[in-house]
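# Sequence and computational prediction follow.
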There are 2 protein chains.
Amino acid sequence: MFPSNVTIVEVGPRDGFQMEKTFIPTDLKVDIINTVAAAGVRVIEATSFVNPKVIPQMADSAEVLSRISRNASTHYTALIPNAKGAQRAIDAKCNSVRLVVCSTETYNQRNVGMSVAQSIAACDDIIRMTQAAGIGFEVIIALAFGCPFEGHVAEAVPVTIAHQLAAKGITSIGIADSIGTGNPVQVRRMMSRLRAELPHVHFSMHIHDTRGLGLANVFAALECGIDTFDSSIGGLGGCPIMVGGTGNVPTEDVVNLCEEIGIPTGIHIEGVCEASRKIQSFLGRALPSAILRSGTRRQLFKM
Amino acid sequence: MFPSNVTIVEVGPRDGFQMEKTFIPTDLKVDIINTVAAAGVRVIEATSFVNPKVIPQMADSAEVLSRISRNASTHYTALIPNAKGAQRAIDAKCNSVRLVVCSTETYNQRNVGMSVAQSIAACDDIIRMTQAAGIGFEVIIALAFGCPFEGHVAEAVPVTIAHQLAAKGITSIGIADSIGTGNPVQVRRMMSRLRAELPHVHFSMHIHDTRGLGLANVFAALECGIDTFDSSIGGLGGCPIMVGGTGNVPTEDVVNLCEEIGIPTGIHIEGVCEASRKIQSFLGRALPSAILRSGTRRQLFKM
């Protein structure tokens, strides 16, 4: 039932950094990305190509991508809001792009100024552009379990969006519990259903730990065979719109869970902690990762 | 597979308070216990009857039990190290007592100055005493997944202790991941095995959230039908011997998990948060509970 190995998509440099009010120097962004790559993380969401007036923290996205040490075994991706962002990401030599489509109209309007249908329609151009450029394209269905504006989101809503995307030929879809309102029973039901109904699509998950259920939800998804998870170093991040939102599941903690139950990730936890400590030191506050604070069982037992 | 309802054993007043260096005034201890009872918690580990020279925080155990408002629907229990402690708990009119037997010799010696076999043998007297007094008796098998001194604990070790206790006629046994080194696969395997091999024993679990796996472990135990969990308000607590140990799974967060997946607990989360805020205010530091920090999904969605 468990996948044979797990791929971590490190989203700290995007989902984490975008929440920080203080501009993180480009040098430090580059250093963090290189440190994460050196720890064995195979996919890094390095930045986003959004309007810098809306998210000033991401104003140096092209410079970040031009200055990182490109590791041959690492895949660098970026979040995009639309086709314009896709072009900027292609110009910056991303290995893939990720588009967010929200499950609710209110959130999608506030996030990208488009209806859900418009965001889905925008995929047509992005499919052509990424195919021409020879890079990957994944769509993240956000707010898949709940929305701060519209409340509970019925399972059928993200499932229908996934079918609409799959009908366009999109084969990589992420399901995001963006505000941490999902529970393991919902995760298991939704991910089992999606895998059964759309067997040719590869599904990843993006989980926030707002109500302490982050790793329980990861575990439930692993039980359904989900093998790719977004996470952020130290548990950085939150929600740019909702006050009180908290971060992604911490990369250290997801890697630790996988390794403790025998699923390899190819990642050195201590290398991830090194990246977390660098950003923690810059930010001047403790990040929420339990492994960053307490270390692993193997460290405790000197194994 | 899930239990039809869950009983929370609030251990904050014992496992939580014993870790605090500042003496918590008896008035506040009494207030916290009464607040937790008013929130609908049916079992409260109100104190421990240990040597006050070793744990000065518990020096007022008899006074605490004499001064709380005895709620007819609430069961007050206390931790005891031996038969002497059992007598003090009986004198203080506890509804039950809980004895800790560690899985490893080193920890049991440091904890109660006895071998594991001596702790198990001590149960004979306590069985007689509690039966004569008409109160309950539960044994907690601690360090069931790992020990800070002896490292990994093989599954057979706590399972063998459980068989030895069951052979004495003990029908309530708790399995404690005292230092948070267990994972959901181990929890599921151990709890399924214990329930299958000892069907007449009621098993509870006591889980620490040291490496972020607390609620994932609770979820795995729920899947095995485990219906009773120790937890502490706000996630108070730690390990008196191991430096860097962290608290129990937070009561708010366990109740939230149960309710989100449809298992009633009879507990008002807001009432638990009220108790957590009282002790948080006294201690002057934020407690780790995610629900205490972020609120529930229902609060967010104004349901």
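Cool, got the structure.
# who touches stretch A:15-30?
Residues external to stretch A:15-30 that are found in contact with it (CB atoms under 8 Å, 6 or more residues apart in numbering or on different chains): A:13, A:45, A:47-48, A:55-58, A:60, A:63-64, A:67-68, A:230, A:232-234, A:236-240, A:247-248, A:278-279, A:282-283. The C-beta positions use only the backbone N, C-alpha and C, and glycine is treated the same way.
# How about stretch A:129-136?
When contacts are taken as CB under 8 Å, 6+ apart, the neighbours of stretch A:129-136 outside the stretch itself are A:His75, A:Thr77, A:Ala83, A:Ala86, A:Gln87, A:Ile90, A:Cys94, A:Asn95, A:Ser96, A:Val97, A:Phe137, A:Ser172.
# tell me the secondary structure for the spatially most central residue of chain A?
With distances taken as CA atoms, centre = their mean, the residue of chain A nearest its centroid is A:Asp230 (3.7 Å). Following DSSP: H, G, I helix; E, B strand; the rest coil, we place A:Asp230 in the strand state.
# Excluding residues flanking it in the chain, which one is nearest it?
The spatial neighbour of A:Asp230 that comes closest, neighbours along the chain excluded (CB to CB, 6 or more residues apart in numbering or on different chains), is A:His206 at 3.9 Å.
# residue contacts, the one you found?
Counting by CB under 8 Å, 6+ apart, the residues that A:His206 touches are A:Val11, A:Ile140, A:Ala142, A:Gly174, A:Ile175, A:Ala176, A:Asp177, A:Ser178, A:Phe229, A:Asp230, A:Asn248.
# ok, now A:Ser61?
Counting by CB under 8 Å, 6+ apart, A:Ser61 touches A:Ala46, A:Thr47, A:Ser48, A:Phe49, A:Ala78, A:Arg88, A:Ala92.
# how does it look with 7 Å?
Contacts were defined as CB atoms under 7 Å, 6 or more residues apart in numbering or on different chains; by that measure A:Ser61 touches A:Thr47, A:Ser48, A:Phe49, A:Ala78, A:Ala92.
# ok, how many other residues are close to the second one?
Same thing as A:Ser48. A count of neighbours around A:Ser48, defined by other CB atoms under 10 Å in any protein chain shown, yields 26.
# Just list whatever residues bridge to it.
According to DSSP bridges, A:Leu79 are recorded as the beta-bridge partners of A:Ser48.
# That one contacts A:Val54, correct?
No - counting by CB atoms under 7 Å, A:Val54 is not a contact partner of A:Ser48; they are 10.2 Å apart.
# Now restrict the contacts of stretch A:15-30 to buried residues only.
Among the contacts of stretch A:15-30, those classed as buried by neighbour count (16 or more other CB atoms under 10 Å in any protein chain shown) are A:13, A:45, A:47-48, A:55, A:57-58, A:60, A:64, A:68, A:230, A:232-234, A:236-239, A:247-248, A:278-279.
# List the buried residues for the top helix by length along chain A?
Counting by DSSP state H, the longest helix found in chain A is helix A:116-133. Of the residues in helix A:116-133, those scored as buried under the neighbour-count criterion (16+ other CB under 10 Å) are A:Val116, A:Ser119, A:Ile120, A:Ala122, A:Cys123, A:Ile126, A:Ile127, A:Met129, A:Thr130, A:Ala133.
# Can I get that helix in PDB, CA atoms only?
Only the C-alpha atoms of helix A:116-133 are listed here, as PDB (Å, rounded to 0.1, in the frame of the first residue of the first chain):
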ATOM      1  CA  VAL A 116     -12.000  29.100 -11.600                       C
ATOM      2  CA  ALA A 117     -13.100  28.400 -15.100                       C
ATOM      3  CA  GLN A 118     -10.700  31.100 -16.400                       C
ATOM      4  CA  SER A 119      -7.800  29.600 -14.500                       C
ATOM      5  CA  ILE A 120      -8.600  26.200 -15.900                       C
ATOM      6  CA  ALA A 121      -8.900  27.700 -19.400                       C
ATOM      7  CA  ALA A 122      -5.500  29.400 -19.000                       C
ATOM      8  CA  CYS A 123      -4.000  25.900 -18.900                       C
ATOM      9  CA  ASP A 124      -4.400  25.500 -22.600                       C
ATOM     10  CA  ASP A 125      -1.800  28.200 -23.400                       C
ATOM     11  CA  ILE A 126       0.500  26.900 -20.600                       C
ATOM     12  CA  ILE A 127       0.300  23.400 -21.900                       C
ATOM     13  CA  ARG A 128       1.400  24.600 -25.400                       C
ATOM     14  CA  MET A 129       4.100  26.800 -23.900                       C
ATOM     15  CA  THR A 130       5.600  24.200 -21.600                       C
ATOM     16  CA  GLN A 131       5.500  21.500 -24.300                       C
ATOM     17  CA  ALA A 132       7.200  23.800 -26.800                       C
ATOM     18  CA  ALA A 133       9.800  24.600 -24.100                       C
END
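# what does the stretch 101-250 of chain A have sitting close to chain B?
Taking CB under 7 Å from any CB of the partner chain as the measure of proximity, the stretch 101-250 of chain A contacts chain B at A:146, A:148, A:151-152, A:181, A:183-185, A:210-213, A:215-216, A:219, A:244, A:246.
# And A:Ala86, how close does it get to A:Gly134?
13 Å (CB to CB, to the nearest Å).
# Neighbour count for those two, which is higher?
The neighbour comparison of A:Ala86 against A:Gly134 (other CB under 10 Å) goes to A:Ala86, with 28 against 8.
# is it true that the more buried one lies in a helix?
Yes - according to three-state DSSP, the state of A:Ala86 is that of a helix.
# you'd agree it is up against A:Val97?
Yes - A:Ala86 is in contact with A:Val97 according to CB under 7 Å; the separation is 5.2 Å.
# mind listing what's buried in stretch A:69-84?
Buried residues in stretch A:69-84, defined by neighbour count with 16+ other CB under 10 Å: A:Asn71, A:Thr74, A:His75, A:Tyr76, A:Thr77, A:Ala78, A:Leu79, A:Ile80, A:Pro81, A:Asn82, A:Ala83.
# right, I mislabeled it, should have said stretch A:90-107
Applying a neighbour-count criterion of 16+ other CB under 10 Å, one finds A:90, A:92, A:94-104, A:107 buried in stretch A:90-107.
# May I see the contacts of A:His206 arranged in a markdown table, with secondary structure and pLDDT as well?
What follows is those, written out as a markdown table (DSSP: H, G, I helix; E, B strand; the rest coil; pLDDT from 0 to 100):
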| residue | secondary structure | pLDDT |
| --- | --- | --- |
| A:Val11 | coil | 97 |
| A:Ile140 | strand | 98 |
| A:Ala142 | strand | 97 |
| A:Gly174 | strand | 98 |
| A:Ile175 | strand | 98 |
| A:Ala176 | strand | 98 |
| A:Asp177 | strand | 97 |
| A:Ser178 | coil | 93 |
| A:Phe229 | strand | 98 |
| A:Asp230 | strand | 98 |
| A:Asn248 | strand | 94 |
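# Now for the residues you listed: which two are most distant?
In terms of CB to CB, the contacts of A:His206 reach their longest pairwise distance at A:Ala142 and A:Phe229, which sit 15.3 Å apart.
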